[in-house]
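Participant: Sequence and predicted model, in that order:
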Amino acid sequence: MAVTENPEITIYTDGAARGNPGPGGYGVVLISGHYRKELSKGFKLTTNNRMELMAVLAGLEALKVKPCKVTIYTDSKYVVDSVEKRWVFNWLKTNFKGKKNSDLWKRFLITYPLHSIKFVWIKGHANIPGNERCDQLAVAASFEPNLPDDIGYQNNNE
């Protein structure tokens, strides 16, 4: 099978935390043509915003072909506004002084320029199938037994 140059990828993401902080998880659905992949992972103690951002990272880091034309659908205003309003790029200039989740944002800034990325904010729990599936994955992941530590959260990044 030939790899399409600059494939178009749709990524749905969602994060969840039971308590904020509390056990949490993320869910991701990647779609390219008729291919579909789901990802999820839970953590023992984390926050909703960390899981929202980690979902985006998991989706982007799963892409094997670079560059891709990526559309990310998320219900996280935190993630969308941080990128679309260019806040995260200003935070980089101040080395994220006083900002939460700097470990994840630094990872994001490594991955972001590798693709052409468009963010689309969607209302959560609005019967959008991709978002609903991500929510199911994220919540289920937060209930998995023996959840690992979210090291970035535990290192006081939140």
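Facilitator: That came through, no problem. Fair warning: this is a prediction, and the values are worked out from it, not measured in the lab.

Participant: Mind pulling up the pLDDT for the nearest residue to residue 23 once chain neighbours are set aside?
Facilitator: Nearest non-adjacent residue to residue 23, counting by C-beta to C-beta, 6 or more residues apart in numbering: residue 142, 4.7 Å away. Quick note: C-beta positions are derived from backbone N, CA and C, even for glycine. With respect to pLDDT, residue 142 scores 98.

Participant: List the residues that contact residue 142.
Facilitator: Residue 142 makes contacts with 16, 17, 18, 22, 23, 24, 25, 42, 43, as judged by C-beta atoms under 8 Å, 6 or more residues apart in numbering.

Participant: So which of the residues you listed sit within strands?
Facilitator: 16, 17, 22, 23, 24, 25, 42, 43 (DSSP state E).

Participant: Looking at the residues you listed, which one is closest to residue 67?
Facilitator: Proximity of these to residue 67 (C-beta to C-beta) peaks at residue 25, which lies at 28.7 Å.

Participant: Nearest spatial neighbour of that closest one, chain-adjacent residues omitted?
Facilitator: Among residues not flanking residue 25 along the chain, residue 141 sits closest, at 2.9 Å (C-beta to C-beta, 6+ apart).

Participant: One more: residue 81?
Facilitator: residue 87 (6.9 Å).

Participant: can you count the residues close to that neighbour?
Facilitator: Using other C-beta atoms under 10 Å, residue 87 is surrounded by 14 other residues.

Participant: List phi and psi for the closest residue to residue 15 other than its chain neighbours.
Facilitator: Nearest non-adjacent residue to residue 15, counting by C-beta to C-beta, 6+ apart: residue 51, 2.8 Å away. Note on residue 51: its backbone torsions stand at phi -70, psi -40 [degrees, to the nearest 10].

Participant: Hmm, residue 51 is touching residue 18, no?
Facilitator: No: judged on C-beta atoms under 8 Å, residue 51 makes no contact with residue 18 at a distance of 10.6 Å.
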